[in-house]
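Asker: sequence and predicted structure are below.
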Amino acid sequence: MKECVNRSENLKSCGCTYPSCARKGMCCECIRHHRANGEIPGCLFPREAEKTYDRSVKKFVESVRK
């Protein structure tokens, strides 16, 4: 995984709360990882839904419909 030149700036608004996430602040890597797994990145979820670590499309749709 390459280092991101924008990582420190991205971390200021990164919504990921997963403690050991190696992609935190590296948006391109995060999107690539979640897309490959059929998931949605945590930064797109409402705060409370993000904390569940369920990145499924189903959970995303449920959380934004409320």
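Answerer: Cool, got the structure.
Asker: now do the helices in the chain.
Answerer: Using DSSP state H, the helices of the chain run over 7-11, 27-36, 47-50, 57-65.
Asker: just put the ones you listed in JSON lines and tack on distance to S20, mean pLDDT and mean neighbour count.
Answerer: Any C-beta I mention is one placed from the backbone N, CA and C, and that applies to glycine too. Putting those into JSON lines (distance: least, Cβ to Cβ, whole Å; pLDDT from 0 to 100; neighbours: other Cβ atoms under 10 Å) gives the following:
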{"stretch": "helix 7-11", "distance to S20": "15", "mean pLDDT": "95", "mean neighbour count": "13"}
{"stretch": "helix 27-36", "distance to S20": "14", "mean pLDDT": "94", "mean neighbour count": "15"}
{"stretch": "helix 47-50", "distance to S20": "15", "mean pLDDT": "92", "mean neighbour count": "15"}
{"stretch": "helix 57-65", "distance to S20": "20", "mean pLDDT": "94", "mean neighbour count": "13"}
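Asker: wait, which of those helices is closest to T17?
Answerer: Each of the helices of the chain has some distance to T17 by Cβ to Cβ; the shortest is helix 47-50, at 6.2 Å.
Asker: quick one: that closest one to chain centroid distance?
Answerer: Relative to the centre of its chain, helix 47-50 is centred 11 Å away, using Cα atoms, centre = their mean, to the nearest Å.
Asker: brilliant, that's me finished.
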